[in-house]
Every structure is written in C-alpha cells, then in structure tokens.
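Trainee: Make a model of this:
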Amino acid sequence: MTVPPSLTPDVPPADSAPPRDGVRAVSGNRAALTLLALQNVVAGVLASAGAPLGVSLLAAFAVVVLVGFTAFRRSMDTLLRDSRWRTPPSLGIALAAFALSFLSSRAFVLAFVMLVPSSADAVPQFLSHGADLWVLLVAAGLLIPLAEEVAFRGLLMRGHERAAGFMVAALTSSLVFALAHGVPASIVGILPLAYVLARVVQHTGSLWNSVLIHALNNTLAVALGSLLAGRLPTGTAQTSDLLKNEALRLPLAGGALLFGGVVLVVLHLWLTPKPDPEVRSAPGPWLSGTYVVMLLFGLLAGAMTVPGVAQWVTDLRGALF
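Mentor: All right, here's what the predicted structure looks like:
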C-alpha cells in the first residue's frame, strides 16, 4: 500500500541530524578539571621533592593519560569519536592565528605589568638546563598542550557547546583555563590566547589547530626563557627602570592595551564559528560544582600572589596559630 505524501513523517536525513552520543557538559567539566588538578598536583609534588621540571611535567602527563583513559574512559571515548578530533588541522590558519594571538597576549601582559610593576616578579618561569631542558621542551612544549587542549577545548568546551552554544562555551572554557594558571599577569596574557584557541577550533572544526597553536606558544616561551635566562642583567635593570618611569607607564600601557585589543577584535571577526550539528544538541545545565571550585581556586591562587593579600594571610595565620 502506498502511503500518501501528506502522511509521510518528516524525518531529516541521517547526516543532518545531530548525533545523540556526545560529550555531556557536566561530565566534561568533571573530567577536564579533575585531570587539570591532577596534572598540577603531580607536577608540583615532584618538583617540590627535587625532581627536574621537565621530568615532573612528563610524569604528570603520564598520570593524566592513565587516569583519563580509566576513570573517564567513557568521556574520552566519546571525544575521540567527535568530528573535531578526526578533522585534520589547517596549517595556514593555525600559524596565522598563533602569530596574531601571541602578539595580542604579550601586549596585554605588557600593559598589566606597566600598570602593576610588582606583578612582574610573580610571573612563573619555566626554566631548565642540560638534558632536562630537552625533556622540558617535549613535556611543556608538546605533551602538556595536547593534554590541556583535550581537557579544555575538547571535553569542557564541547560539552558546553552541546548544552548552551558557541559563545557560552568559548567564554567559560577561556575563563577557567586562564584562571587555572593562578598568577594575575599570566591570567591577563592567557585569557586572549585561550579565547583564540576556542574560536579557531570552532572556526575550523579541528582540535588539532588549537593543539598546534598551544604547542607553538609553549615551545617558544620555554626556548626563549632558557636561552635568555641569566644573559640579560643590563636589560633587566633597564626594564625595571622603565617600569618605574611614571611619565611612560600610562602611555605604554594604553598603547599596549589598544594594540592587543585591536588584534583580538580582528581575530574574533576572522575566526567565525561554522555550523555544527553538535551545537545545542543536548540542551541543559552546563555549570557544575567542579567548574565553580576551579574558578574559586584560580581566584584564590591569583590573590595569593598579590603582596598585600599574601601578607594579610600570613599575619592572620600567625594570629590564629
């Protein structure tokens, strides 16, 4: 019997229907932020015990991979089936986005340091020497960026996209990623970079582009830091004098903010999100207790690097104990 056209159900083609199976927002939060905390704890404990920085980060990466594919195996398997993990990178877009985001990030850091000179001393330095320098380049320059991109632009952002859309996902993943670094000057520089990482993934449909940009950024930072460490005593003094120059502080900070802001706007307008069937395919809550805890931890860690706050905590501890 032939079914009249008017009674035929309106079923969209299989390719256009949003996939049912995907990273869920709350489970993505839990997995991403737990793995981040684990990475920092393992690396911090080993470094405090005297292990070289490169070895500490390498061991942290190994633990994160082990826990990720055991405790959070379902979320990881789901992510590996996602189209963004299987889409190859766009090398030209990644390199151009890296160059522009690097300039914007450093401009914001310069502006912040000019306005708050004391913050320059709190910026962490990833330095090493000898054989461990090569281990550090591999760990901090390649493996840690891979792990963090899987966590933030993969598990966390993908879950937020499926629940609340592109912009919520880009902003929430960028904010918690920046705050997780704990130091105000670092947060100011990492926030625009994190936003570009989110936009480039949304624009190209490939997580590999954010991995490439993140790896280039970290490798360049580690290589330059190790190359210049201890070789610029005069330049360091000149930089200190520059930060104390009241006549130059505001003009330089304003110029850096303007430059960094313009570059960031250009990147925002260029890296437009592409249509994706996963977006809003699982509407629902995206905010989890894990996400809130990580935000509060980042804010507290950043506050502890401010001299006045650190001294107040020390005085309070002395009064109580």
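Trainee: So, low pLDDT: which residues of the stretch 1-150 of the chain?
Mentor: Residue ranges of the stretch 1-150 of the chain with pLDDT under 70: 1-20, 120-129.
Trainee: Going along the chain, name the helices of it.
Mentor: For the stretch 1-150 of the chain, helices defined by DSSP state H, counting those that start in this stretch occupy the ranges 25-48, 53-68, 73-80, 83-86, 91-115, 131-138, 144-149.
Trainee: in this structure, which residue is closest to the centre?
Mentor: What sits nearest the mean C-alpha location of the chain, by CA atoms, centre = their mean, is residue 177, with 4.2 Å.
Trainee: can you tell me the helix or strand for that one?
Mentor: For residue 177, the host element (DSSP states H and E) is helix 166-179.
Trainee: For the following helix or strand past that helix, buried residues please.
Mentor: Beyond helix 166-179 in the direction of the C-terminus, DSSP H and E gives the next helix or strand as helix 184-204. By neighbour count with 16 or more other CB atoms under 10 Å, helix 184-204 contains the buried residues 184-204. In short, each C-beta sits where N, CA and C put it, glycine included.
Trainee: Show me how far the helix or strand just after helix 184-204 is from its chain's centre.
Mentor: Going down the chain from helix 184-204, the next helix or strand is helix 207-228, by DSSP H and E. Centre-to-centre, helix 207-228 and its host chain are 12 Å apart (CA atoms, centre = their mean, to the nearest Å).
Trainee: Based on its surroundings, how many neighbours for residue 224?
Mentor: 10 (other CB atoms under 10 Å).
Trainee: Would you mind measuring from it to residue 174?
Mentor: From residue 224 over to residue 174 the distance is 24 Å, taken as CB to CB, to the nearest Å.
Trainee: same deal with residue 104?
Mentor: Taking CB to CB as the criterion, residue 104 is separated from residue 174 by 13 Å.
Trainee: try residue 117
Mentor: Noted for residue 117: a distance of 26 Å to residue 174, by CB to CB.
Trainee: Compare those two (neighbour count), which wins?
Mentor: Counted by other CB under 10 Å, residue 117 and residue 174 do not tie: residue 174 has more neighbours, with 23 against 15.
Trainee: Against residue 216, how distant is that one?
Mentor: For residue 174, the distance to residue 216 equals 18 Å [CB to CB].
Trainee: try residue 288
Mentor: Residue 288 is 31 Å from residue 216, where distance means CB to CB.
Trainee: again with residue 154
Mentor: For residue 154, the distance to residue 216 (CB to CB) stands at 18 Å.
Trainee: just residue 101 next, same as before
Mentor: Applying CB to CB to residue 101 and residue 216 gives a distance of 10 Å.
Trainee: Next, residue 181: phi, psi?
Mentor: Taking degrees, to the nearest 10, you get phi -80, psi -10 for the backbone angles of residue 181.
Trainee: That one: how many residues sit nearby?
Mentor: Residues contacting residue 181 under the criterion other CB under 10 Å number 19.
Trainee: related to what we said a few turns ago, show the contacting residues for the residue nearest to the centre of the chain.
Mentor: Residue 177 makes contacts with 148, 152, 190, 194, as judged by CB atoms under 8 Å, 6 or more residues apart in numbering.
Trainee: need the residues you listed in a markdown table with distance to residue 82, can you?
Mentor: A markdown table is the format used below for these (distance: CB to CB, whole Å):
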| residue | distance to residue 82 |
| --- | --- |
| 148 | 17 |
| 152 | 14 |
| 190 | 25 |
| 194 | 20 |
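Trainee: Out of these, the closest to residue 292 would be?
Mentor: Checking these against residue 292 by CB to CB gives residue 152 as the nearest, at 16.2 Å.
Trainee: so the closest one makes contact with residue 194?
Mentor: Yes - at 7.5 Å, residue 152 counts as touching residue 194 under the criterion of CB atoms under 8 Å.
Trainee: Overlap of the contact sets of the two?
Mentor: With CB under 8 Å, 6+ apart, residue 152 and residue 194 have common neighbours 173, 177.
Trainee: more crowded one of residue 154 and residue 216?
Mentor: In terms of neighbours (other CB under 10 Å), residue 154 is the more surrounded of residue 154 and residue 216; the figures are 29 against 19.
Trainee: and the closest residue in space to the more buried one that isn't next to it in sequence, what does it touch?
Mentor: Among residues not flanking residue 154 along the chain, residue 79 sits closest, at 5.1 Å (CB to CB, 6 or more residues apart in numbering). Residues in contact with residue 79 (CB under 8 Å, 6+ apart) are 23, 85, 150, 154-155, 158.
Trainee: re the thing from before, if you average pLDDT over the helix holding residue 177, what comes out?
Mentor: Mean pLDDT, helix 166-179: 94.
Trainee: What residues of it count as buried?
Mentor: By neighbour count on 16+ other CB under 10 Å, the buried set for helix 166-179 is 166, 168-170, 172-179.
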